[in-house]
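Q: Okay, predicted coordinates and the sequence, questions at the end:
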Amino acid sequence: MSELQEQFSFDFHTERAQIVGGGGDDLKIKIGDFAGPLELLLFLIRQDQANIFDIPIARITEKYLEYIRLMKRLDISVAADFLVMAATLIEVKSKMLLPRDPTASDEEEFEDPRQELVDRLLEYEKFKSAAGMLYERSTVEQAIFTRGPIESDDNNAEIDASVFDILTVFQKIVARHVDEIKLEIHREEISLADMLRALKKRILETGELSLLAFFEEMHTRRELVTAFIAVLEIVRTEGVKLLQSKTFGDIILKKVSEPPAVAGG
Amino acid sequence: MDSNLDEKMAPRTPSELVALAEALIFVADEPITTKLIADVLEEDRESIDAAVEELKREYESRESGLQIREIAGGWQLATRTELHEQVRRFLKTRPSAKLSLASLETLAVIAYKQPVTVPEILEIRGVQSASAIKTLLDKRLIVAKGRKEAVGRPMQYGTSKDFLIQFGLKDLSELPSIEDFEDLVQ
Amino acid sequence: MDSNLDEKMAPRTPSELVALAEALIFVADEPITTKLIADVLEEDRESIDAAVEELKREYESRESGLQIREIAGGWQLATRTELHEQVRRFLKTRPSAKLSLASLETLAVIAYKQPVTVPEILEIRGVQSASAIKTLLDKRLIVAKGRKEAVGRPMQYGTSKDFLIQFGLKDLSELPSIEDFEDLVQ
């Protein structure tokens, strides 16, 4: 049994996920209850009674990895962030083993491989304390009550909406229509590519095509839009001209020999 | 929380009772009866009646803006009748970024689909939105954005500058996208 | 708004102002600012501030069950902390569900670093905070604060007015400085 497991005693039958911190205090911590890898790391450093400015990196890394293995053995899914931290610890540990550059003078700033980690831990711990302060404040606030509803309160429940409410509501509306959208898909809407192919074929066969007649063949508004886009596309790319004999009259699609030159580029 | 057994031994002073009655009348959803106050505080009704009468006198004597009034067999805290005019004026000016669900839904459709016509909103929401659109226009959250070149030339709507201000957006690109949301619910 | 010229002839007495301020603070369904009271009553802010201070003193000196408190930049009438046990017994409420440690940490980062993006929160906490952010948005403790001009234009978050109200803060400056926590750390 490793050192870590000796310090953590657990009861697999009752509180499988509970471990009790060593040192005889009452500190009970649920496995996986750490808010993140930094918190776990701080816990291990504390437990080791190590100095945060001089972390015994090999020992702490070993404990950290042991903890991760423990979580896995208990089938607790280990968040990726915990694994990222494991990799960081191993990297720092290996850097610590490298001999210092003998040409570097003592004066030259020697970058301790642990420095970045220590900075992050210290920064994190400030916010962890701030979270504790917020917790206390909210507890105090819960002892204060505001008035019950009165006549003048608006009784049709209105929402003090934020932009995220707008998004959430919009998503709900969209979701409400999923069935209808599915129905529409089942109606086998014709794709733009298919529409283009059909249009090209018709023009090639006959040399020209009445736009009005073509549009009248469409069954739905969506098909009509697709047909319209197909016409624009074919005029742009395929050397097809739109001819109109009189204002408000029918428009004829007519094949011309050369495709129009592409402008710009 | 420690059970204040010791404190409970000593009976409450009249002024403590007045304060407690005041707090309960204040938080109650509807007029609260003497009996209910007495039950909650485990006191007899006479003490509570005396406390509420004292409270009533206090509010009157200091010419408070509020009054303790007896209504529907219970006690209630309310503004004094003489101040109704100013109270009503305040209620009218109450800033209302607040929206009913129907208005919020309509606003959401307009925000994400603008410019959009009434029939298009109907199609997306599946319900008539005329009164919601009226509300949104009244609150200046949306504006007309010209007519659509379609049958009947329906009016199109979009969000207004006030919309951006009220929702703290620099421009429409700051509206959260579905992607922003996916990041949060992954 | 009709200008009540006739009534305005006689200036209000200080005690009338106190009563009016009290009525408006009571009626408002969230903390009401000095400015709004002043606007509604067409008085200057100084008079209103003086009236509210006087009102506050009155509530304190008569050992009322209620208190006037400054919160989220406005004034609010609320029960006194010491009475929470009896009030809660009457309302039959339990203290509402506490935020998880992860949510509290995320909230702390957002409160001190706002406006802040999801990746920035990740950097400080060392762990994905998406579900905590979602919770905080749902509870309206944080709001979107526009996009950051950086790659991907990520959404930025900050604390809301509800945050101030729920944590009993006048404004953000009332939060202890984050550097003060350093002493606790070492």
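A: Received it, and whenever you're ready, just let me know what you need. Numbers count the residues shown, from 1 in each chain, chains lettered A, B, ... in the order given.

Q: rest of the way, CA atoms for contacts and neighbours
A: Will do.

Q: gap between the closest residue in space to B:T117 that isn't next to it in sequence and A:D33?
A: Leaving aside its chain neighbours, B:T117 sits nearest to B:Q156 (4.4 Å; criterion: C-alpha to C-alpha, 6 or more residues apart in numbering or on different chains). Computed as C-alpha to C-alpha, to the nearest Å, the B:Q156 to A:D33 distance reads 52 Å.

Q: Same drill for the two, tell me which one is more crowded.
A: Between B:Q156 and A:D33, counted using other C-alpha atoms under 10 Å in any protein chain shown, B:Q156 has the larger neighbour count: 19 against 13.

Q: Name the residues of the lengthiest helix in chain B that come out as buried.
A: Across chain B, the helix with the greatest residue count (assigned by DSSP state H) is helix B:45-61. Within helix B:45-61, the residues that count as buried by 16 or more other C-alpha atoms under 10 Å in any protein chain shown are B:R45, B:I48, B:D49, B:A51, B:V52, B:E54, B:L55, B:K56, B:E58.

Q: could you dump these to TSV with pLDDT and distance to B:E123?
A: Converted to TSV, those look like this (pLDDT from 0 to 100; distance: C-alpha to C-alpha, whole Å):
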residue	pLDDT	distance to B:E123
B:R45	95	61
B:I48	96	60
B:D49	95	60
B:A51	97	61
B:V52	97	58
B:E54	96	61
B:L55	97	58
B:K56	96	57
B:E58	95	60
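
Q: Dig out what the spatially most central residue of chain B forms beta bridges with.
A: The residue lying closest to the centre of chain B (C-alpha atoms, centre = their mean) is B:K98, at 8.5 Å. For B:K98, the beta-bridge partners under DSSP bridges are A:D160.

Q: Quick one, grab the pLDDT at it.
A: In this prediction, B:K98 carries a pLDDT score of 73.

Q: Just to check, B:A28 is in contact with A:T146?
A: No. Using C-alpha atoms under 8 Å, B:A28 is not in contact with A:T146, being 9.7 Å away.

Q: And the contacts of the longest helix of chain B?
A: With contacts defined as C-alpha atoms under 8 Å, 6 or more residues apart in numbering or on different chains, helix B:45-61 is touched by B:14-15, B:17-18, B:21-22, B:34-35, B:37-38, B:66-69.

Q: What of stretch A:162-178?
A: Counting contacts by C-alpha under 8 Å, 6+ apart, the residues outside stretch A:162-178 that touch it are B:104-105, B:107-109, B:112, B:124-125, B:167, B:175-178, C:137, C:143-144.

Q: Those residues in helices, which ones?
A: In helices, defined here by DSSP H, the members of the contacts of stretch A:162-178 are B:L104, B:E105, B:L107, B:A108, B:V109, B:Y112, B:I124, B:R125, B:I178, C:L137.

Q: For ChimeraX, write the select line for the buried members of the residues you listed.
A: Paste this into ChimeraX to select the buried members of these, with burial taken from 16+ other C-alpha under 10 Å:
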select /B:104,105,107,108,109,112,124,125 /C:137
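
Q: Any regions of the stretch 51-200 of chain A where pLDDT drops low?
A: Within the stretch 51-200 of chain A, the ranges that satisfy pLDDT under 70 run A:100-109, A:154-160, A:177-189.

Q: Now do the helices in it.
A: Per DSSP state H, counting those that start in this stretch, the stretch 51-200 of chain A carries helices over the ranges A:57-73, A:80-97, A:115-141, A:163-176, A:178-186, A:192-206.

Q: would you list the ones you listed in a markdown table and tack on distance to A:R222 and mean neighbour count?
A: Listed next are the helices of the stretch 51-200 of chain A as a markdown table, based on distance: least, C-alpha to C-alpha, whole Å; neighbours: other C-alpha atoms under 10 Å in any protein chain shown:
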| stretch | distance to A:R222 | mean neighbour count |
| --- | --- | --- |
| helix A:57-73 | 53 | 17 |
| helix A:80-97 | 45 | 16 |
| helix A:115-141 | 54 | 19 |
| helix A:163-176 | 18 | 18 |
| helix A:178-186 | 10 | 11 |
| helix A:192-206 | 11 | 15 |
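
Q: Rebuild those as a markdown table, extending it with distance to B:G74.
A: Below are those laid out as a markdown table (distance: least, C-alpha to C-alpha, whole Å):
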| stretch | distance to B:G74 |
| --- | --- |
| helix A:57-73 | 58 |
| helix A:80-97 | 58 |
| helix A:115-141 | 28 |
| helix A:163-176 | 39 |
| helix A:178-186 | 51 |
| helix A:192-206 | 71 |
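
Q: Which one of those lies nearest to B:R89?
A: helix A:163-176 (29.5 Å; C-alpha to C-alpha).

Q: CA atoms only: put the closest one into PDB for me.
A: C-alpha atoms of helix A:163-176 as PDB (Å, rounded to 0.1, in the frame of the first residue of the first chain):
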ATOM      1  CA  VAL A 163     -29.300  38.300 -23.900                       C
ATOM      2  CA  PHE A 164     -28.800  34.700 -22.900                       C
ATOM      3  CA  ASP A 165     -32.600  34.500 -22.200                       C
ATOM      4  CA  ILE A 166     -33.200  35.700 -25.700                       C
ATOM      5  CA  LEU A 167     -30.900  33.000 -27.100                       C
ATOM      6  CA  THR A 168     -32.400  30.300 -24.800                       C
ATOM      7  CA  VAL A 169     -35.900  31.300 -25.800                       C
ATOM      8  CA  PHE A 170     -35.000  31.300 -29.500                       C
ATOM      9  CA  GLN A 171     -33.500  27.800 -29.200                       C
ATOM     10  CA  LYS A 172     -36.700  26.600 -27.500                       C
ATOM     11  CA  ILE A 173     -38.800  28.000 -30.300                       C
ATOM     12  CA  VAL A 174     -36.600  26.300 -32.900                       C
ATOM     13  CA  ALA A 175     -36.700  23.000 -31.000                       C
ATOM     14  CA  ARG A 176     -40.600  23.300 -30.900                       C
END
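
Q: picking that back up, within reach of chain A, which of the contacts of stretch A:162-178 are there?
A: Restricting the contacts of stretch A:162-178 to those near chain A by C-alpha under 8 Å from any C-alpha of the partner chain leaves B:104-105, B:107-109, B:112, B:124-125, B:167, B:175-178, C:137, C:143-144.

Q: any idea which of these is closest to A:Y135?
A: Closest approach to A:Y135 among those (C-alpha to C-alpha): C:L137, at 17.7 Å.
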